[in-house]
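Chemist: Here's my sequence, what's the structure:
(one chain, ligands or ions: 1)
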Amino acid sequence: MRAGFPDFRLGQVLATSFTGTLSERHGTAVERIPTPQRLVDWLAVYGLVVDACTPAQLDLARELREAIHAAATAAATGDALPASAVQVINDHSARGGAVAVLTPGGERRWRLGPASGVEDALGVIAADAISVISGERDGRLALCASPTCRAAFFDTSRSRTRRWCDMNTCGNREKKARFHANRRGNPGSAL
Ligand SMILES: [Zn+2]
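Modeler: Have a look, this model is predicted:
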């Protein structure tokens, strides 16, 4: 982690973790990839290693991010997918030239082009979004119950009843808010 920048919120699912690089969209939004280098850092966490990123590539990344957010939100609420978001996701998927490689140890690695690393990485993220939004993967798209967050996340819990995008942030905040509300309602109660 680099000092002075907001931490990453890392989830298990690539596409929805990527949309989480802008958090608190309905509150005081936090941009977690404020510079090209922070996008490089974020991609590396997910095994998408690129040498460099230009400001224009960061713009492309954010365009893809917001398209995935819009499409995932629509999918979570059962609305029609916005055509413009679908177009952006498909364009990024088509542009990416990443190659999946199986290691001798049985793991998947991504091989990205030397000159097109960021575009290739975004293509991987777009393809991941397609697999999640299309319902191809085992899980359910849902929106975070926090009113200031409303992030789309992919619920893979067995009961499919997850409420928050991240238990450590939104879930805890909600619990604290309820705790204080209870205390106000019942001043004598010891919780
Ligand atoms: Zn949340």
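
Chemist: ok, which residues in this structure are in contact with the ion?
Modeler: Listed as neighbours of the ion in the chain under the rule C-beta under 5 Å from the ion: 144, 146, 149, 151, 165, 170. Every C-beta, even on glycine, is put in place using the N, C-alpha and C of the backbone.

Chemist: 6 Å instead, please
Modeler: Residues of the chain found near the ion (C-beta under 6 Å from the ion) are 144, 146, 149, 151, 164-166, 170.

Chemist: want to throw the residues you listed into CSV with neighbour count?
Modeler: Shown next, in CSV, are those (neighbours: other C-beta atoms under 10 Å):
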residue, neighbour count
Cys144, 25
Ser146, 22
Cys149, 22
Ala151, 27
Trp164, 21
Cys165, 27
Asp166, 20
Cys170, 24
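
Chemist: By pLDDT, give me the weakest of the residues you listed.
Modeler: Within the set of the residues of the chain next to the ion, pLDDT is lowest for Asp166 (84).

Chemist: What sits closest to that one if chain neighbours are left out?
Modeler: Once flanking residues are discounted, Asp166 sits nearest to Arg9: 5.7 Å by C-beta to C-beta, 6 or more residues apart in numbering.

Chemist: so the one you found makes contact with Arg32?
Modeler: Yes. Proximity of Arg9 to Arg32 meets the contact threshold set by C-beta atoms under 8 Å, at 7.0 Å.

Chemist: Buried residues of stretch 99-115, list them for me.
Modeler: Neighbour counts over stretch 99-115 (16 or more other C-beta atoms under 10 Å) mark 110, 112 as buried.

Chemist: Good, we can wrap up now.
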